[in-house]
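Asker: Test case, fold it:
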Amino acid sequence: MDKNTSTDLVQHINALPLIDTHEHLHKEAKYVKDGPDVLADLFGMYIGDELIVAGAAYDNVVRLLDPTYADIEARWSGVEAAWQLCQYSGYGEAVRYMAKAVYDIDTLTLDAIEAAGPRNQAIRQPGERLRLLRDVANLDHVQVDDFVWPCLPDASGPSFFLYDFSWVDFVSVRFDVNTLEAETGIATTNLKTLKQAMEALTAKYAPVAIAMKIQHAYYRTLAWSARDDADAEKALQKYLADEPLSDAERLCLGDWNLEQGIELAIKYHLPIKIHTGFLAGHQRYFTHPDQTRAGHLAPLLAHFPEATFVLMHIAYPYSDELMAIAKHFPRVYLDMCWAWSINPHHAAEFVRKALHGLPLNKLFAFGGDCVWPTEVVGFAAQARRWLAYALQQEIDDTYLSEAQTIQIATRMMQTNQRTVFDIEETRSTIVALGV
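Answerer: All right, here's what the predicted structure looks like:
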């Protein structure tokens, strides 16, 4: 797909292992036993929603992604027209990269999809998940958010699969007090015991966690303010009594919980990853579009100058505002995860703006935000292609030399991440556990 693969810059970007800072990967057992067939693999992530936006019937997309439905032709024919409209979008491009790299498909047709069936079975075997990510996608390691508190080592690749410690249920006020007690041995009856349980939970998992992860923009505004203990206590007591909380009460308790989480992240030296900007899915984003703006986080960032924040997805479409935030706060970093597939031209332009507007240590190049390893292969190839494109534009404009862009690419793909995340210490702790 690339016109020029001979430049030193392109060769360097293709050869250098990427540090992948954000995935939602299922565990190996699920991939082997319940993984996707070819159609569900190719279209199972963000492109499914885009097919609906392009005009495909919802039921047709559901059928497309159902491996138990034996009629491949019927599944494909129901979305083929919509695929023709989506194939050049960022999501569509990622699918095409994946189809080529994983299934050796140049053009998606019924014959090509049916012929890829044996290949699909061959890669859904033990060890293939790791091989696809490490050897085909050429990743140094992946950082995985699987939405839960436990972030124990992954036996299928202990030093390769590093896990985030999820705090989203606390901030969105969806945490289960019985599960929390089972994890910590502490019954939550008031703010004091909730704080004790949070401390015990963090002490249990922080040593093997690579970061704390929060995607509360899916459930509430990113806006935050410091909360009075008395008000938070009232909201907590209603929550414990299973009484409905008003929006104001839920925000109050969520803000209080967020403050506790950040204080614990500081104590245990965990960077805090926060979702900003665009939401996955369709017909949901503009219900409350303003709630996802990264600018809402400024009071939080100012309140916790010792915390390290990684703001994700370049806050699309509020990317300029995000860049202004990173220009003000020393311990705020910007993650390009998912951004390349949402809109690769926008992401490439963001890189160029950041080179002129921010210190070089601020950007992380890649995270696929995927659930299957095959999807990551396509998303990683797309990120490499567009990163090379963005940096080549700087060469063409005679602002940077090729040698300088190679140094910048290395920094974005590896160096910046190694500075922010304690990768080797986390790996050492995992090894010490003997997994």
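Asker: so where is the chain shaky, pLDDT-wise?
Answerer: 1-5, 284-289, 435 (pLDDT under 70).
Asker: Can you list the residue ranges for strands in it?
Answerer: Taking DSSP state E as the criterion, the chain contains strands spanning 18-23, 139-144, 161-166, 209-214, 272-275, 309-312, 332-335, 363-364.
Asker: CSV please, covering the ones you listed and showing distance to residue 100.
Answerer: Where C-beta positions appear, they are placed from N, C-alpha and C, glycine not excepted. Output for these, formatted as CSV (distance: least, C-beta to C-beta, whole Å):
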stretch, distance to residue 100
strand 18-23, 18
strand 139-144, 18
strand 161-166, 25
strand 209-214, 31
strand 272-275, 30
strand 309-312, 27
strand 332-335, 26
strand 363-364, 26
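Asker: Put together JSON lines for those, with mean neighbour count and distance to residue 346 on each row.
Answerer: Output for those, formatted as JSON lines (neighbours: other C-beta atoms under 10 Å; distance: least, C-beta to C-beta, whole Å):
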{"stretch": "strand 18-23", "mean neighbour count": "27", "distance to residue 346": "18"}
{"stretch": "strand 139-144", "mean neighbour count": "23", "distance to residue 346": "23"}
{"stretch": "strand 161-166", "mean neighbour count": "25", "distance to residue 346": "25"}
{"stretch": "strand 209-214", "mean neighbour count": "27", "distance to residue 346": "24"}
{"stretch": "strand 272-275", "mean neighbour count": "28", "distance to residue 346": "17"}
{"stretch": "strand 309-312", "mean neighbour count": "26", "distance to residue 346": "15"}
{"stretch": "strand 332-335", "mean neighbour count": "25", "distance to residue 346": "14"}
{"stretch": "strand 363-364", "mean neighbour count": "25", "distance to residue 346": "14"}
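Asker: Tell me which of those lies nearest to residue 379.
Answerer: Residue 379 sits nearest to strand 18-23 of all these, at 9.1 Å, using C-beta to C-beta.
Asker: which helices and strands does that closest one pack with?
Answerer: When contacts are defined as 3 or more C-beta pairs under 8 Å, 6 or more residues apart in numbering; DSSP states H and E, strand 18-23 sits against strand 139-144, helix 373-396, helix 416-420.
Asker: mind checking which of those is nearest residue 303?
Answerer: Closest among the helices and strands packed on strand 18-23, using C-beta to C-beta: helix 416-420, at 20.0 Å.
Asker: Show residues contacting the closest one.
Answerer: For helix 416-420, the surrounding residues in contact (C-beta atoms under 8 Å, 6 or more residues apart in numbering) are 19, 21, 271, 308, 310, 333, 360-364, 423.
Asker: And the strands of the chain: which comes nearest residue 388?
Answerer: Here strand 18-23 is closest among the strands of the chain (C-beta to C-beta), at 12.6 Å.
Asker: Compute the inter-axis angle for that closest one and helix 373-396.
Answerer: Between the axes of strand 18-23 and helix 373-396, defined by axes from the mean of the first three to the mean of the last three C-alpha atoms, to 10 degrees, the angle is 120 degrees.
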